[in-house]
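coords please:
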Amino acid sequence: MKKYRIIIIVGVIALIGLFLPNNFFQPIKNLFYQATTPFSVVGNVSTNRVSLFFKNFTHLVSLSYDNERLIKENLELQSQLSILKEAQHESEVLKKELGFLSNKGEMKLTPANVIARPLNSFLKNIIIDRGSKDGVNVGQAVVSQGFLVGIIKQVNENNSEVTLINNYNSLVPVLLQDSRGTGLLRGGISGLVVEDIPLNITIKKGEQVVSSGLGGDMPSSIAVGQVQDVVSKEGEIFQKVTVKSPIQFYYLEFVFVVQK
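Next up is the predicted model:
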């Protein structure tokens with residue numbers, strides 16, 4: 001019975017609604033909209049904030065990728081620049097060496113790279129990448145840019161140790177070209193020195209010093225440097241001079257072994 005009553009009430013309300021004007025329910029609609037508007041505004045604001053957040057996040061991710069790409073490109077450019085600089089340096093070294101080679105005629109020269117410096121040598125010995133398989137022998141001269149820099153001390157199959165002429169243990173017979181005085185070139189703390197020059201020789205500052213070829217271990221006329229100062233003292237039975245070489249021994253990278 002209660003069920004039929006509810007159906008009758010709903011039907012009566014529906015019939016009444018058909019005969020009411022269209023704007024009869026407008027105040028009720030307005031009241032409903034006023035009650036729900038704050039929630040709608042909050043919803044819209046929240047949606048906008050979430051949208052803005054994701055938009056900024058996407059932008060930051062994009063910037064991060066761009067930054068990483070630029071860093072990678074910068075490193076690649078630095079690497080290429082280093083390779084170009086090294087190639088330019090090697091080209092300049094080879095130009096100097098080729099200029100020297102053009103004046104050496106029949107002299108047989110074997111090119112070699114400096115690959116190491118023994119820790120106990122105080123930078124006065126070097127290791128080169130040429131050995132017995134390349135025809136290198138103990139006692140052969142080693143030159144750079146046409147100037148004597150060392151003598152082969154020890155030979156292995158694939159590499160050799162060179163005693164530089166600024167080493168105190170190095171002794172090379174040399175000739176002062178203008179005065180024709182002979183002596184022994186030795187290294188030391190103060191640099192290159194030629195000892196045992198006869199007293200009757202009138203030495204000229206600036207004259208060229210070359211290998212004399214005495215002893216037969218190396219060819220004659222290999223340039224060593226120039227006489228810088230006469231440093232012998234009064235009363236000594238021989239004269240002594242300091243010699244300046246144009247070669248910076250610490251920076252040797254590429255040399256030639258002189259093979260007769």
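
Quick check: residue 163 touching residue 171?
No. Between residue 163 and residue 171 there is no contact under C-beta atoms under 8 Å: 9.8 Å. Quick note: C-beta positions are derived from backbone N, CA and C, even for glycine.

more crowded one of the two?
Set residue 163 next to residue 171 and count neighbours by other C-beta atoms under 10 Å: residue 163 wins out with 21 against 16.

Surely that one is within a strand?
Yes. Per DSSP: H, G, I helix; E, B strand; the rest coil, residue 163 lies within a strand segment.

which residues does it contact?
When contacts are counted by C-beta atoms under 8 Å, 6 or more residues apart in numbering, residue 163 touches 124, 125, 150, 151, 153, 169, 170.

So how do I select the buried members of those residues in PyMOL?
The buried residues among the contacts of residue 163 can be selected in PyMOL (16 or more other C-beta atoms under 10 Å) with this line:
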select buried, resi 124+125+150+151+153+170
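
ok, which stretches of this protein are strands?
108-116, 125-128, 141-144, 147-155, 160-164, 171-176, 182-186, 192-198, 208-211, 223-230, 238-244, 254-259 (DSSP state E).

Comparing those, which comes out most buried?
strand 141-144 (a mean of 25; mean count of other C-beta atoms under 10 Å).

for the chain, what helix or strand is lowest in average pLDDT?
helix 2-19 (a mean of 54; mean pLDDT, DSSP states H and E).

and residue 108, what does it touch?
258, 259, 260.

how about 10 Å then?
135, 256, 257, 258, 259, 260 (C-beta atoms under 10 Å, 6 or more residues apart in numbering).
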